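Quick one, fold the following:
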Amino acid sequence: NGGIPDAVIAQMPQEALDQLGPATLPFDEDLFFAKLDLNLGDRDHFALSAKIREEKSLGDQAGTGTAASASLETQNDDNRYDLRWQHTGERFFNELIFTYEDSNFKPQVNNAGQNGAVYSWGDGGDRTILVTNGADPRAGQDKGQKGWGIQEDITFPNLSWYGDHTVKAGVKYKNVKLHAQDAIVNNPVFYYNVDEDDGTGTIPWKAVFGNPVAGMSERVESEDEQYGFYIQDDWAVNEKLTLNLGLRWDYEYNPSYLKFKTPQAIIDAFNTVVTPDGKTYGQTLGLSSDPDTAYDINHYISNGHNRKAPNDQWQPRIGFSYDAQADESIVVFGGYGRSYDRNLYDYLQLEQTKMALGQAEFRFNTTDHPCTVGTGNCIAWDPIYLNGVENLQALTSGSIGETNLMNNKLKVPFSDQISLGVRNKLGDWNTSAAISYIESKDGFVFTLGNRRRDGSFWGPVPWGGPAQPWEYPPPGLAGNLIIGSNGIE
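Model (predicted):
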């Protein structure tokens, strides 16, 4: 019970008390796999395969402090189809691959049509006792991808030039339609005070609800294109030395990120004067003398034309093995390779979806949580607020909430790996020992973009310090500024 006295918990209404204790959380999964093989003569082989996964879980996020009625129902489907044509020629082997995929991940609020209730202990800290019925609007999501791909691989074995070569090469193209919705509007969640002496408040002291912003879509879609090619040579120089030489290149074009245009309301917030000497909020972000704190907000403002997809993802791969006695008794091997990852669309889409559906909050002037009506977000209670989220939404202009902005020059994360090892054959025993070093750079990371008026990040607050600048969001916005860039190594 998190240290909350049993005498306090007992004051919750019976409807909430009945939801304490263990609950069954069902999970259903259906898996299907099918494959059809067809040989046309000795040289051509066709293979068609299908992998289908359908999952449904009820009760996600339920646990300590959260009843099953406030949980999520998650549908997770993944369907993949693969058609291959393998052709063996006189001096080559060719494989042509067609793929199709359709995947969806959709957690939904289990009781979206009901008002949520959060029962909190009125000890000054408002610690949550139990959450019932509806859930936070940010809990619901709808994400997925659907598309096709084609890949061509060709192998030329038994080539001779200063030794024996096996050359492999391939190209790949993939077209995938991505969609994402990071929050879904549902009924409000009301907070009720619970006290050992006064029981549960009849009037909630706070309401939290999803608040759409006019003119913005809560769902974003993008037609992602991926290109790649590689070439590799396995070169047996002589009976002792073998070299593995390869080069790969990848390119990805994601118009949702590349063509995004920062809304004017956000630009206006950055251009708002916030200091006595006339500096704007955007200018204060670069005032700190600490290079890890100061940054130029212009690097995060997109006009729809100042972002380019990186095209320098060259990935060399070099390996070797040296058979000292030409009998595999002692073989020294090693190599170097670079591999690029990608900036996940699950991160990039937040630049559009987060600001489209903010989370609004109103406080009510109650005896257990008094506030001054008309000051800040304090309003007078009206029972009509229990009869639909639209009654609360009508009280706010739908200001942009949490704002996520991406760096205009995002790099692609990559890793370099170096390895060295030795294999030994001792009678009937084979042994191997190797050491490898991996260095990864340009990993994607979100950080708090707020800064104090002097540009600093850490600073004092009335209740102590130092603290982060959560109290200094861009003026006119209803949430904090989060910036995404490369920063993990």
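
Just give the nearest non-adjacent residue to G163, would you?
V237 (4.4 Å; C-beta to C-beta, 6 or more residues apart in numbering). Heads up, the C-betas are built off the backbone N, CA and C, glycines and all.

Tell me where the stretch 151-300 of the chain has helices.
Ranges of helices within the stretch 151-300 of the chain are 255-258, 264-270, 281-284, based on DSSP state H, counting those that start in this stretch.

of all these, which lies closest to G335?
Of all the helices of the stretch 151-300 of the chain, helix 255-258 sits nearest to G335, with 33.6 Å by C-beta to C-beta.

Remind me what that closest one packs against, helices and strands.
Applying 3 or more C-beta pairs under 8 Å, 6 or more residues apart in numbering; DSSP states H and E, one finds that helix 255-258 contacts strand 219-236, helix 345-348.

So which of those is nearest G65?
With distances scored as C-beta to C-beta, the stretch of the helices and strands packed on helix 255-258 nearest to G65 is helix 345-348 (26.6 Å).

Next secondary structure after the closest one?
helix 350-356 (DSSP states H and E).

Now do the following helix or strand past that following helix against strand 219-236, angle only.
Counting by DSSP H and E, the element after helix 350-356 in chain order, helix or strand, is strand 357-364. Put simply, strand 357-364 runs at 130 degrees to strand 219-236, going by axes from the mean of the first three to the mean of the last three C-alpha atoms, to 10 degrees.

Give me the sheet partners of strand 357-364 and which way each runs.
strand 206-212 (antiparallel), strand 378-379 (parallel) (DSSP bridges).

Check the offset of the following helix or strand past the last one from the chain's centre.
By that I understand strand 378-379. Per DSSP H and E, strand 378-379 leads on to helix 390-393 as the next helix or strand towards the C-terminus. A distance of 30 Å separates the centroid of the chain from that of helix 390-393, by C-alpha atoms, centre = their mean, to the nearest Å.

just stretch 89-96 next, same as before
In this view, stretch 89-96 has its centroid 40 Å away from the chain centroid, taken as C-alpha atoms, centre = their mean.

Next, the buried residues of it.
Within stretch 89-96, the residues scored as buried using 16 or more other C-beta atoms under 10 Å are E95.

cool, stretch 223-241 as well?
Those would be 224-226, 228, 230, 232-235, for stretch 223-241 by 16+ other C-beta under 10 Å.

same question, stretch 270-290
Neighbour counts over stretch 270-290 (16+ other C-beta under 10 Å) mark 270, 274, 279-285, 287-288 as buried.

One more: stretch 140-157?
140-145, 147, 149, 151, 153-156.

again, but for stretch 202-220
204-213, 216, 218-220.

Just the pLDDT at the most centrally placed residue in the chain, thanks.
Centroid check for the chain by C-alpha atoms, centre = their mean gives D346 as the closest residue, at 3.7 Å. Predicted confidence (pLDDT) for D346: 94.

circling back to that earlier point, any idea how far the residue nearest to G163 lies from D142?
For V237, the distance to D142 equals 55 Å [C-beta to C-beta, to the nearest Å].

okay but L386 is in contact with N115, surely?
Yes: counting by C-beta atoms under 8 Å, N115 is a contact partner of L386 at 6.1 Å.

what residues are shared contacts of these two?
Taking C-beta atoms under 8 Å, 6 or more residues apart in numbering as the contact rule, L386 and N115 both touch F190.

Looking at those two, which one has more neighbours?
N115 (21 against 15; other C-beta atoms under 10 Å).

Quick check, pLDDT for that one.
What the model reports as pLDDT for N115 is 91.

do V461 as well
Note on V461: pLDDT of 67.

thinking again about what came up before, nearest to D428, out of the helices and strands packed on helix 255-258?
Closest among these, using C-beta to C-beta: strand 219-236, at 26.3 Å.

what pairs with that closest one, and is each one parallel or antiparallel?
strand 164-181 (antiparallel), strand 241-253 (antiparallel).

Would you format those strands as TSV with distance to P460 and mean pLDDT included?
Output for the strands paired with strand 219-236, formatted as TSV (distance: least, C-beta to C-beta, whole Å; pLDDT from 0 to 100):
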stretch	distance to P460	mean pLDDT
strand 164-181	39	97
strand 241-253	45	98
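
who wins for proximity to K425 among those strands?
strand 241-253 (16.6 Å).

how about the closest one: buried residues?
242-246, 248-252.

Show residues contacting it.
Residues contacting strand 241-253 (C-beta under 8 Å, 6+ apart): 224-237, 309-311, 313-323, 335, 340, 342, 412.

how close does the nearest residue to I301 once chain neighbours are set aside sit to T66?
Closest residue to I301 apart from its sequence neighbours, by C-beta to C-beta, 6+ apart: T262 at 4.8 Å. As judged by C-beta to C-beta, T262 and T66 stand 36 Å apart.

Against K261, how distant is K51?
From K51 to K261 the distance is 39 Å (C-beta to C-beta).

Looking at the two, which is more packed in?
When K51 and K261 are compared for neighbours, K51 comes out ahead with 15 against 11, by other C-beta under 10 Å.

Which strand or helix spans the more buried one?
Assigned by DSSP H and E, K51 falls in strand 44-60.

Run through who's touching that strand.
Against strand 44-60 from outside (C-beta under 8 Å, 6+ apart): 23-40, 68, 71-88, 107, 110.

Which among these count as buried?
The buried subset of the contacts of strand 44-60 - by 16+ other C-beta under 10 Å - is 68, 71-74, 76-79, 81-84, 86, 107, 110.

Just to be careful, could you list which of these are in strands?
The strands, defined by DSSP state E, take in 72-74, 76-79, 81-84, 86, 107 from the buried ones among the contacts of strand 44-60.

Pick out whichever of those residues sits closest to G427.
Closest approach between these and G427, by C-beta to C-beta: Q86, at 39.4 Å.

Not including adjacent chain positions, what is the nearest residue to the closest one?
Looking at Q86 with C-beta to C-beta, 6+ apart, the closest residue is H45, at 4.4 Å.

Kind regards, and thank you for your time.
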